[in-house]
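Visitor: When you get a sec, could you give me coordinates for this:
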Amino acid sequence: MAYFRERRETLLNVLEFMTEEELFAPMPEGFPFSAAPCIAQLFSHATFHEDLHSGQFSVAHRSLGHSPLFQPRPQN
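Guide: Model prediction:
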């Protein structure tokens, strides 16, 4: 989990200093991830992608007989 927290902090630091013009600029020509039309879309995808893997880790963890990694919040 520390790895994911560090990655999140790095992403937030990068985004803090990017202008709207930089975020919505077209992807550089030849960039390997062509599904994203702009940098902002790439960051959006990256965030979702890490969430996806967090869920996969949780499933693998539970399949090995361990308790869930993420506990639901209590209902009020």
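Visitor: mind listing the helices for the chain?
Guide: Listed in chain order, the helices of the chain (DSSP state H) span 2-16, 20-23, 39-63.
Visitor: Buried ones in the longest one, by neighbour count?
Guide: Applying a neighbour-count criterion of 16 or more other C-beta atoms under 10 Å, one finds Ile39, Ala40, Leu42, Phe43 buried in helix 39-63. Where C-beta positions appear, they are placed from N, C-alpha and C, glycine not excepted.
Visitor: which residues are contacting the helix-or-strand element of the chain with minimal mean pLDDT?
Guide: Lowest by mean pLDDT, DSSP states H and E among the helices and strands of the chain is helix 39-63, with a mean of 79. Contacting residues not belonging to helix 39-63 are listed as 4, 7, 11, 15, 18, 22-25, 27, 33, 35-36, 68-70 [C-beta atoms under 8 Å, 6 or more residues apart in numbering].
Visitor: Would you point out the most distant pair within those residues?
Guide: With C-beta to C-beta as the measure, no two of those lie farther apart than Ala25 and Pro68, at 40.4 Å.
Visitor: Could you check which of those two is surrounded by more residues?
Guide: Taking other C-beta atoms under 10 Å, Ala25 and Pro68 do not tie; Ala25 has more neighbours (13 against 10).
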